[in-house]
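J.: Fold the following, please.
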Amino acid sequence: MSDSDVASFLGAHPPFDGLGREQLESIAATVKERAFATGATALVEDGTPASVFYVIATGSMELVHEDEVIDILEPGEAFGHPSLLTGLAPAFTVRAHEDSTCYVLGRDAALVALGRPTGVDFVARSMRERLTRTGHTVHALPELGTVRVPELISRPPLFCEHTTTIRDAAVSMTEHGDSAILVREGERLCIVTDADLRARVVAGELARDDAVSFIARDAVRVGDDQLAIDAVVDMLESGVDHLVVEDRRGTVLGIVSATDLMGFETWSPFALRHAALRARDEDDLVRISTGLRRLFLALLGAGLPPVDIGRVLTLQLDSLRLRLIDFAIARHGPAPTSWAWLVLGSAARREFTLGSDQENALAYADSDPESGVDAYFERFAQDVNAGLERCGFVPDLNGVLARNRLWRMGESAWIKVFRDCLDEPDNSHLIRATVSFDFRHASGGLEVVPPLIAVIREAPGHPAFLRQLGRTAADPKPPLRFGGAFALEEHGRIDIKRRGIIPIVNLARFHAIANGVTISATVDRLEAAAESGALSSEIADGIKEAFAIVARIRLQHHAAQIEAGETVDNMVDPASLPPVSRRELREAFRVVAHAQKRMTAFLPQGL
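T.: Presented below is the predicted three-dimensional model:
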């Protein structure tokens, strides 16, 4: 196509539709064409940052996250701008859905369009739409569609009279640690910021004893339903660095600064993940991990289902661990052979919470016992486990950790362990099966998953193992006494993980493994068992609903402890719950108890 045709094409699509013909012609003169055969990759998620901006000319391109197609981008749609603008790795992989051609723009040409108000709007809208499309269950980046500006307010608003001197206003700001103060003058609401003080007072334009009203300017106000990503756009378009947040009655809730919005980017799921992957050292990673609590509160406050919150937190754990592995390899040198880091338990099921333990294992290629390979991986695992502990993830009390020799071994040894669990279902092997059969290959190049999955698929042919596994699904019992009263533990509380979550996880694991289902997530296991006809839809739906209730109450308990500055645990006092939640929890426990009683119907030769 000619430059004129390219200019016309670009001008018909955002962010170029706000440009004049002369600017379009100038940009078109710099454009290069690049062809992509079907399946060819333009950008790689978490790979090299984009150095150019792409606009699809013909064909279509897939937007992919974690091997899932999120969207199909058609001609006129663009990609690469978030990575180009931030210098961060791409958040998506982009590959050709069919033979396609893209117009490629250099950074300078892209900024001509992206730097204008319409370009800012395009960036915000396209990012929000694509991240929202990703979905809470896959992308684990719900903040752009859920976090609202009130969640970024860290302190009450600071006010002064319009007759207050600049000196006194500055002193008040310093004493309260605020970067802005609000000034009411009749019906007007004005604001004075640190920047105003530097620009007009320190520079000598005004005296410190002048009234603060001389430097106050009208505040830019936003509602309490404003999304954080939209607040960024409002701030850029208004040319200010502070926004006043009001409720529907016009009551000022607080002030959000550009720094607050930048801080939001450090603990949002997207930014937290990438900050972790870019951490300079372990100390930096530990600092970054402190954002997990704020992230968790925001996700719960936004109303995300517990299943989605678990996926988000699991992704963050994965990111922290990936960087710790980088540090371990840098410290100890390249691995002597191929390996695989396995996450176990709730992290494998992508149901991790801030009250979960770290459970993990390590497999490596078979090697001579005298080669020192295991000694290397022992040091490697020690570092990663210790680093995770520093980041706030407590070690499993039973020692299910890669640094423990029982959970670190060669590939053949792992296959034998899995097979022994089926062939010799004694108590020790059963315990190992309930932990290790919930596994996920998280890092490393050793292809250990296929042979281990192949062993698990053999489980339906081992009735003795299934009987033993069924016993774990029938115990522990939910904490209910005869008549429906809660069976309380120490200090009148219930261990909601041990007595609520684990029984449901055990039920789901049994019904999955007994029917050759090798996925790990609890809800997915129940749905697969129901779809196969192995479990009635009524029972499966009841257990899933019970799981949602118990998980929600557990997470709400964690949130209350975080807000109170307490250590997160799983000990819930039913008396502290609202009446509706108590009734729901009691009914959830009844459903689980009923499902446990029906276990004999699913076991070879009964319990």
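
J.: CA atoms for contacts and neighbours, from now on please.
T.: Noted.

J.: Distance check, the closest residue to residue 521 other than its chain neighbours against residue 501.
T.: Leaving out its chain neighbours, the residue that sits closest to residue 521 by CA to CA, 6 or more residues apart in numbering is residue 349, at 4.3 Å. Taking CA to CA, to the nearest Å as the measure, residue 349 falls 13 Å from residue 501.

J.: before we move on, what about residue 216?
T.: For residue 216 relative to residue 501 (CA to CA), the value is 55 Å.

J.: So which of those two has more stuff around it?
T.: Counted by other CA atoms under 10 Å, residue 216 and residue 501 do not tie: residue 216 has more neighbours, with 22 against 18.

J.: which residues touch that one?
T.: Residues in contact with residue 216 (CA atoms under 8 Å, 6 or more residues apart in numbering) are 183, 190-192.

J.: Could you count how many residues lie near residue 331?
T.: Other residues near residue 331 come to 12 when the count uses other CA under 10 Å.

J.: May I have the predicted confidence score for it?
T.: With respect to pLDDT, residue 331 scores 94.

J.: packing partners for the helix or strand it falls within?
T.: Element membership of residue 331 [criterion: DSSP states H and E] is helix 306-332. Judged by 3 or more CA pairs under 8 Å, 6 or more residues apart in numbering; DSSP states H and E, the packing partners of helix 306-332 are helix 269-277, helix 282-289, helix 291-301, helix 373-390, helix 537-563.

J.: Pull the distance from whichever helix or strand comes after that helix to the chain's centre.
T.: With elements assigned by DSSP H and E, the helix or strand that comes after helix 306-332 is strand 339-344. Computed by CA atoms, centre = their mean, to the nearest Å, the chain-centroid distance of strand 339-344 equals 20 Å.

J.: ok, then the element right after strand 339-344?
T.: helix 345-348.

J.: Which strands border the helix or strand following that following helix, and is each parallel or antiparallel?
T.: Next in sequence after helix 345-348, counting helices and strands by DSSP H and E, comes strand 360-364. Strand 360-364 has its sheet partners listed here by DSSP bridges as strand 339-344 (antiparallel), strand 408-410 (parallel).

J.: how close does residue 414 sit to residue 376?
T.: 18 Å.

J.: ok, now residue 357?
T.: 24 Å.

J.: cool, and residue 438?
T.: Applying CA to CA, the value for residue 438 to residue 376 is 26 Å.

J.: So between the two, which is more surrounded?
T.: Set side by side, residue 438 and residue 376 show more neighbours around residue 438, with 21 against 18, by other CA under 10 Å.

J.: contacting residues around the more buried one?
T.: Here residue 438 is in contact with 344-345, 348-349, 520 (CA under 8 Å, 6+ apart).

J.: which one among those residues gets closest to residue 573?
T.: Comparing the contacts of residue 438 against residue 573 with CA to CA places residue 345 closest, at 25.1 Å.

J.: remind me which residues of the stretch 501-607 of the chain are low pLDDT?
T.: 605-607 (pLDDT under 70).

J.: repeat that with 50
T.: 606-607 (pLDDT under 50).

J.: Could you list the domains of this structure?
T.: 3-134, 149-258, 268-457, 470-602 (automatic domain parsing).

J.: Residue 464 is nearest to which of those domains?
T.: Proximity to residue 464 (CA to CA) singles out domain 268-457 among the domains of the chain, at 7.0 Å.

J.: Could you check how far the closest one is from the centre of its chain?
T.: With CA atoms, centre = their mean as the basis, the mean position of domain 268-457 lies at 16 Å from the chain mean.

J.: ok, the closest residue to residue 408 other than its chain neighbours - contacts?
T.: Distance criterion CA to CA, 6+ apart; nearest residue to residue 408, sequence neighbours excluded, is residue 362 at 4.7 Å. Taking CA under 8 Å, 6+ apart, we find residue 362 in contact with 339-342, 381, 402, 407-409.

J.: Take the residues you listed and lay them out in TSV including distance to residue 372.
T.: Converted to TSV, these look like this (distance: CA to CA, whole Å):
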residue	distance to residue 372
339	14
340	17
341	18
342	21
381	14
402	16
407	17
408	14
409	12
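
J.: from the residues you listed, which single one is nearest residue 462?
T.: Among the contacts of residue 362, and counting by CA to CA, the member closest to residue 462 is residue 407, at 23.9 Å.

J.: what separates the spatially closest residue to residue 552 that is not a sequence neighbour from residue 551, distance-wise?
T.: Among residues not flanking residue 552 along the chain, residue 306 sits closest, at 5.7 Å (CA to CA, 6+ apart). Residue 306 sits 6 Å away from residue 551, going by CA to CA.

J.: quick one on the thing from earlier: redo the contacts of residue 362 as a markdown table? Include pLDDT and distance to residue 277.
T.: Below are those laid out as a markdown table (pLDDT from 0 to 100; distance: CA to CA, whole Å):
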| residue | pLDDT | distance to residue 277 |
| --- | --- | --- |
| 339 | 85 | 20 |
| 340 | 89 | 19 |
| 341 | 93 | 17 |
| 342 | 96 | 19 |
| 381 | 98 | 19 |
| 402 | 97 | 21 |
| 407 | 96 | 26 |
| 408 | 97 | 25 |
| 409 | 96 | 27 |
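
J.: Quick check: the farthest pair among those residues?
T.: 339 and 407 (13.3 Å).

J.: Neighbour count for those two, which is higher?
T.: Higher neighbour count among residue 339 and residue 407: residue 339, with 22 against 19, using other CA under 10 Å.
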